[in-house]
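**Student:** What follows is a predicted protein model with its sequence.
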Amino acid sequence: QVSRSLGEIGDNRSVPHLIEALNDPDLLVKSATVVALGKIAHPDATQPLLQLLENPDLYDAIDGEVADALFEIGDAALPVLLTYEHHESSHIRGIVARVLRGIQTKDSVKSLIRLLDDPDSRVRFDAVASLGWSNNPNALAPLLAVAKNDAEDEFVRIKAIETLGVFRTEAVFEYLLKTLNSSNVFFRAAAAISLGTQGNPAAVPQLIHVMKHSNGKLRLETVNALSRIGDKRPVTDLIDLYSTADAELRGMILGALNQIGSPEAIPVLLHGLEDPDFQVRQVAAWGLGRVGDGRATEALLKEMEQLKRREDRSRFWMAIVQIGSDSLDVLRNRLLNVRDSDDEIFIKNVCRMIKAIDEGAAFQLVEILEAAHSIAQSAIISTLGSLGDSEAIEYIVPFLESDELRETAIDALNKLGYEFSQDE
């Protein structure tokens with residue numbers, strides 16, 4: 001607790017004491033102290049933090065916290081980090097490679113390039129990932145060499161191919177298109193990822209072709225790449241693929257159609273609301289909201305009504321609000337058709353959606369207030385109270401006579417600034 005408090009205070013004078021606390025035999029104390037040193041981010045902590053990892057028993061316990069702390073120290077940690085570049089522990093060299101990701105200097109990039117020759121493939125993997133993150137033009141040639149090196153570890157090559165997309169050069173683009181036809185399906189998937197990062201529409205025809213491959217990962221990454229590019233040409237092929245896809249791919253296809261934003265996607269998005277997989281239905285809801293077609297409101301509302309948890313309803317709530325004024329008639333009609341068995345919270349949400357779309361339309365609910373079911377009346381009265389419009393008072397006051405709705409009316413009137421005593 002003392003270490004945590006010193007970290008929150010952030011005074012440099014506590015750094016020597018915290019460094020001493022790294023020697024505490026209790027792992028929880030060590031962990032809290034590492035986090036505290038990261039928050040203070042003083043460069044004097046760099047070497048003690050790295051030395052902590054020289055104990056193999058602590059590798060898995062606090063290596064993440066140490067890396068985060070060094071990352072916070074940032075550029076000031078570089079001189080010490082460079083001295084650990086050739087440390088005998090490959091685990092520490094890997095930590096150095098990961099931390100250098102956040103230090104965007106000429107020396108840090110040179111160090112990462114040197115680490116591409118590390119004898120441990122895990123260190124090389126971390127160096128590749130950090131170089132891709134750096135987006136430094138000096139990293140392009142070394143990364144391309146790793147990607148093309150048949151003698152390199154497969155996972156390192158895959159990571160190199162995945163990172164090349166941040167370099168938007170013609171040479172990289174041509175290499176990625178070529179790799180998209182590789183005999184290695186994982187190289188092809190990595191190339192699709194990078195082509196999506198590049199966002200070059202010239203890749204679309206070849207990506208459409210690869211999208212029909214039988215390998216699940218390759219199809220997922222290709223659909224994701226087409227989504228990121230945003231070109232409308234794949235819409236028909238995406239719709240055709242949807243009917244035979246598994247749940248994960250169906251969700252990805254709907255996400256791509258959402259991102260592309262074509263009206264042709266509306267029928268399949270509506271169909272997606274009936275998907276047995278809840279995550280797919282959520283993606284469909286998001287897409288229908290983004291397209292903004294009022295024809296989707298009734299289906300969205302029906303799906304939302306079947307859900308009980310607020311967090312599950314939220315995506316459908318937002319979709320209806322995004323559709324906007326085209327949803328108002330459906331929402332208003334739902335309030336006119338409330339049944340005794342309806343969920344009060346859901347009916348309140350209907351009113352809130354109307355308010356979120358158009359406060360003027362929410363005020364116009366006074367027109368149906370008298371004829372509505374008591375559950376709807378309660379929701380409407382609460383909504384009128386939240387509008388802050390004193391003109392609503394005259395419509396709410398009559399409900400003070402209702403035993404069932406009196407408390408709701410009093411609360412709404414109080415929000416509108418209408419104060420009265422309990423006797424009144």
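**Tutor:** Arrived safely, thanks for sending.
**Student:** Residue 293 touches residue 323, doesn't it?
**Tutor:** Yes. At 6.9 Å, residue 293 and residue 323 qualify as touching, with contact defined as C-beta atoms under 8 Å. C-beta coordinates here come from the backbone N, C-alpha and C atoms, glycine included.
**Student:** Contact partners for the closest residue to residue 61 other than its chain neighbours?
**Tutor:** Residue nearest to residue 61 in three dimensions, not counting chain neighbours: residue 27, with 5.8 Å by C-beta to C-beta, 6 or more residues apart in numbering. Residues near residue 27 by C-beta atoms under 8 Å, 6 or more residues apart in numbering: 58, 61-62.
**Student:** Of residue 293 and residue 323, which one has the most company?
**Tutor:** For residue 293 versus residue 323, neighbours defined as other C-beta atoms under 10 Å are more numerous around residue 323 (24 against 17).
**Student:** Quick check: the gap between the more buried one and residue 337.
**Tutor:** From residue 323 across to residue 337, the span is 20 Å (C-beta to C-beta, to the nearest Å).
**Student:** One more: residue 372?
**Tutor:** Distance from residue 372 to residue 337, counting by C-beta to C-beta: 10 Å.
**Student:** what do you get for residue 397?
**Tutor:** Counting by C-beta to C-beta, the gap from residue 397 to residue 337 is 26 Å.
**Student:** Of these two, give the one with the bigger neighbour count.
**Tutor:** Applying other C-beta under 10 Å to residue 397 and residue 337 shows that residue 397 carries more neighbours, namely 13 against 10.
**Student:** Quick check: the more buried one touching residue 409?
**Tutor:** Yes. With contact defined as C-beta under 8 Å, residue 397 reaches residue 409; the gap is 7.4 Å.
**Student:** ok so, going back, show the pLDDT at the residue nearest to residue 61.
**Tutor:** pLDDT for residue 27: 92.
**Student:** Count the residues that sit near residue 36.
**Tutor:** For residue 36, using other C-beta under 10 Å, the count is 24.
**Student:** Give me the spatial nearest neighbour of it, chain neighbours excluded.
**Tutor:** Leaving aside its sequence neighbours, residue 36 sits nearest to residue 7 (C-beta to C-beta, 6+ apart; 2.8 Å).
**Student:** Show the secondary-structure elements that the worst-scoring helix or strand of the chain on mean pLDDT is packed against.
**Tutor:** Ranking every helix and strand in the chain by mean pLDDT, DSSP states H and E puts helix 278-291 at the bottom, with a mean of 86. Where contact means 3 or more C-beta pairs under 8 Å, 6 or more residues apart in numbering; DSSP states H and E, helix 278-291 is packed against helix 247-260, helix 266-272, helix 297-306, helix 310-323.
**Student:** Identify the residues contacting residue 138.
**Tutor:** With contact taken as C-beta under 8 Å, 6+ apart, residue 138 is in contact with 106, 109, 113.
**Student:** Make a markdown table out of the residues you listed and add pLDDT.
**Tutor:** Formatted as a markdown table, the contacts of residue 138 follow (pLDDT from 0 to 100):
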| residue | pLDDT |
| --- | --- |
| 106 | 92 |
| 109 | 95 |
| 113 | 97 |
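**Student:** So residue 201 versus residue 48, what's the distance?
**Tutor:** 51 Å.
**Student:** out of those two, which sits in the more crowded spot?
**Tutor:** Neighbours were counted for residue 201 and for residue 48 using other C-beta under 10 Å; residue 48 has more, 19 against 11.
**Student:** The more buried one is in contact with residue 22, isn't it?
**Tutor:** Yes. Residue 48 is within contact range of residue 22, at 5.6 Å (criterion: C-beta under 8 Å).
**Student:** which residues do these two both contact?
**Tutor:** Common contacts of residue 48 and residue 22 (C-beta under 8 Å, 6+ apart): residue 37.
**Student:** Residue ranges in this structure under the pLDDT threshold?
**Tutor:** Low-confidence segments of the chain (pLDDT under 70): 420-424.
**Student:** if we go to 80?
**Tutor:** Applying pLDDT under 80 to the chain flags residues 59-60, 291-293, 418-424.
**Student:** Helix or strand for residue 197, just tell me which one.
**Tutor:** Assigned by DSSP states H and E, residue 197 belongs to helix 185-198.
**Student:** so how far is that helix off the chain centroid?
**Tutor:** 21 Å (C-alpha atoms, centre = their mean, to the nearest Å).
**Student:** Which strands and helices lie in contact with it?
**Tutor:** Secondary-structure packing of helix 185-198 (3+ C-beta pairs under 8 Å, 6+ apart): helix 154-163, helix 170-179, helix 204-211, helix 216-229.
**Student:** same thing but 6 Å
**Tutor:** Under the contact definition 3 or more C-beta pairs under 6 Å, 6 or more residues apart in numbering; DSSP states H and E, helix 185-198 sits against helix 154-163, helix 170-179, helix 216-229.
**Student:** For residue 303, which of the ones you listed is the nearest?
**Tutor:** Closest of these to residue 303 is helix 216-229, at 23.0 Å (criterion: C-beta to C-beta).
**Student:** what angle sits between the closest one and helix 247-260?
**Tutor:** Helix 216-229 and helix 247-260 are oriented at 10 degrees to each other (axes from the mean of the first three to the mean of the last three C-alpha atoms, to 10 degrees).
**Student:** can you list contacts of helix 216-229?
**Tutor:** Residues outside helix 216-229 that contact it (C-beta atoms under 6 Å, 6 or more residues apart in numbering) are 185, 188-189, 192-193, 195-196, 199, 201, 207, 210-211, 234, 249, 252-253, 255-256, 259.
**Student:** Flag every buried residue along stretch 76-93.
**Tutor:** Across stretch 76-93, burial judged by 16 or more other C-beta atoms under 10 Å covers 77-78, 80-82, 84-85, 91-93.
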